[in-house]
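A.B. asks: just the structure for this:
(2 chains)
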Amino acid sequence: MRGSEEKREVVLYPGCVSLNKYPGILKSSMELLKILNVNFKLPTNMLCCSRPLERIGIIGEEHTSALAYFNATKFMGNPDEVVVVCNGCYLAFRRALEANELKKDMAIKAVCSHIAEVLWRNRGELAKRVRAKLDKLKVATHVGCHYLFYPHGDVIKGEEGEDILEDIALAFKARVVDYEERRTCCGGTMVKWFRDVTYSISRRKLGSVIESGADVVLTMCPYCLRTFDRVQQRLKKLKEIERIVPTMHVSQFVAIALGLDPLKVAGLHLQVPAQELEALCKLLTI
Amino acid sequence: MLLYAARKGLITKSEDIWLCLNCHVCEARCPNSVKVSDVILDARRKVLERHGENRVLEFYSSLVRALLNSGVIAFVTSSKVEDFKSESGLNIPMLTEALKSELHEFSKKVNLEVRLKEVMGIERE
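C.D. replies: Residues are numbered from 1 along each chain as shown, chains lettered A, B, ... in the order given. Predicted coordinates for the structure are as follows:
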């Protein structure tokens, strides 16, 4: 978090995909914020950040920003900080909250943080509470383009490792593996009528992950997670791959590292097939 | 080349603008700091303004309607997810009729409504 922790009003913004497809990401984030003594709340109602419409060209940046202000004032009570769990939401909110004249008109004061940034800043403190033994777990990091190549300012690049996620994984003593397509896009942002292109990009990326011997893909974007999830299911159905490499959001990873329940809190059963889940749980020795 | 094509209006005629992932990798690597994604998105917006890409209507109308009518673009499709959300205190309400009206008024103020009507032919239901 930024500044004095206790008096700051913090809102955890869920994002559509994490809220309605992978709620374990949110449950994990909520538990971690509690552990960090962050007094947060959820929005009163849910309104999409609208970034998926902007990147198609349906609406403009000014509309996405306007909806960010509407979200902040109407559903979040104009907080000091908006914490997001998704790279697309991060781009939409951070860009809006750092620049725009409408922001002054609506007296917006919030800054935007990604939950990965919160965890990265507190990784030393969190690592002292680690319960799980992760030294057998081989992790392939996928930061996601809208954070890794955020076009409107600086982001955390990594200190001990090559990126923000590697730093977090290393803090919890997991083994990070390198792979050739590490900085390649997941392919999920392709327009819907070129879905085959998504599959070919994602297939190349996942092939590189499998070659690295990784047990899990660690990401900070539910949209990337969903892409890897869908593409691997299709590839397995087509018998192009034998096993699915589970994908985990960084909040789920840290929650499990701290000994929180992989199912009841991290909700891994909602995103990892039973066979792969059993194998993964064996590696996450608690 | 990209900027030249954009200035000459050639870029909007190209199928390639729909193949961009909007991942910003090229921007990070461009020695001249060209904002490639901005150029591509500008071209896409122009094409849509003159109704030059019907596939957008086919593939994205439901997404726009979902946003306007419920506030979200992804929905729960599994009872396991529904149960997990309930147990985790994550049943955040969608937009009520009163809130939809407020959003509607706000959308008019910031020209979002007119944009959606012009580009997608979609109005609030």
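A.B. asks: looking at this, A:Lys173 is in a helix?
C.D. replies: No: per DSSP: H, G, I helix; E, B strand; the rest coil, A:Lys173 lies outside any helix segment and is coil.
A.B. asks: quick one: it and A:Leu134 touch, right?
C.D. replies: Yes: A:Lys173 is in contact with A:Leu134 according to CB atoms under 8 Å; the separation is 5.5 Å. Where you see a C-beta, it was placed from the backbone N, CA and C, and this is true even at glycine.
A.B. asks: more neighbours: which of the two?
C.D. replies: A:Leu134 (21 against 15; other CB atoms under 10 Å in any protein chain shown).
A.B. asks: now that one, nearest residue through space, not along the chain?
C.D. replies: A:Ala174 (4.2 Å; CB to CB, 6 or more residues apart in numbering or on different chains).
A.B. asks: smallest gap between chain A and chain B, at which residue?
C.D. replies: A:Gly57 (2.8 Å; CB to the nearest CB).
A.B. asks: the longest helix along chain B packs against which elements?
C.D. replies: The longest helix of chain B (DSSP state H) is helix B:54-70. Packing partners of helix B:54-70 (3 or more CB pairs under 8 Å, 6 or more residues apart in numbering or on different chains; DSSP states H and E): helix A:51-54, helix B:97-109, helix B:112-120.
A.B. asks: how far away is the spatially most central residue of chain B from A:Leu126?
C.D. replies: In chain B, the centroid-proximal residue (CA atoms, centre = their mean) is B:Val64; its distance is 7.6 Å. Applying CB to CB, to the nearest Å, the value for B:Val64 to A:Leu126 is 40 Å.
A.B. asks: again with A:Cys89
C.D. replies: Distance from A:Cys89 to A:Leu126, by CB to CB: 23 Å.
A.B. asks: quickly find the element holding A:Val139.
C.D. replies: strand A:138-142 (DSSP states H and E).
A.B. asks: give me the helices and strands touching the helix or strand following that strand, please.
C.D. replies: Counting by DSSP H and E, the next helix or strand C-terminal to strand A:138-142 is helix A:145-148. Helices and strands touching helix A:145-148, by 3+ CB pairs under 8 Å, 6+ apart, are helix A:87-98.
A.B. asks: from the chain's centroid, how far away is the helix it packs on?
C.D. replies: 14 Å (CA atoms, centre = their mean, to the nearest Å).
A.B. asks: what does that helix contact?
C.D. replies: For helix A:87-98, the surrounding residues in contact (CB atoms under 8 Å, 6 or more residues apart in numbering or on different chains) are A:13, A:15, A:49-52, A:54, A:61, A:64-65, A:67-69, A:71-72, A:82, A:84, A:103, A:108, A:110-112, A:114, A:144-147, A:150, A:152-153, A:220-221, A:223-224.
A.B. asks: max-length helix in chain A?
C.D. replies: helix A:195-212.
A.B. asks: by how many degrees do that helix and helix B:54-70 diverge?
C.D. replies: 80 degrees (axes from the mean of the first three to the mean of the last three CA atoms, to 10 degrees).
A.B. asks: so how far is helix A:195-212 off the chain centroid?
C.D. replies: 19 Å.
A.B. asks: quick one: strands adjacent to the following helix or strand past that helix?
C.D. replies: Next along the chain after helix A:195-212, taking DSSP H and E as the criterion, comes strand A:216-219. Next to strand A:216-219 in the sheet, as set by DSSP bridges, lie strand A:138-142 (parallel), strand A:247-249 (parallel).
A.B. asks: any idea which residue of chain B lies closest to chain A?
C.D. replies: B:Arg44 (2.8 Å).
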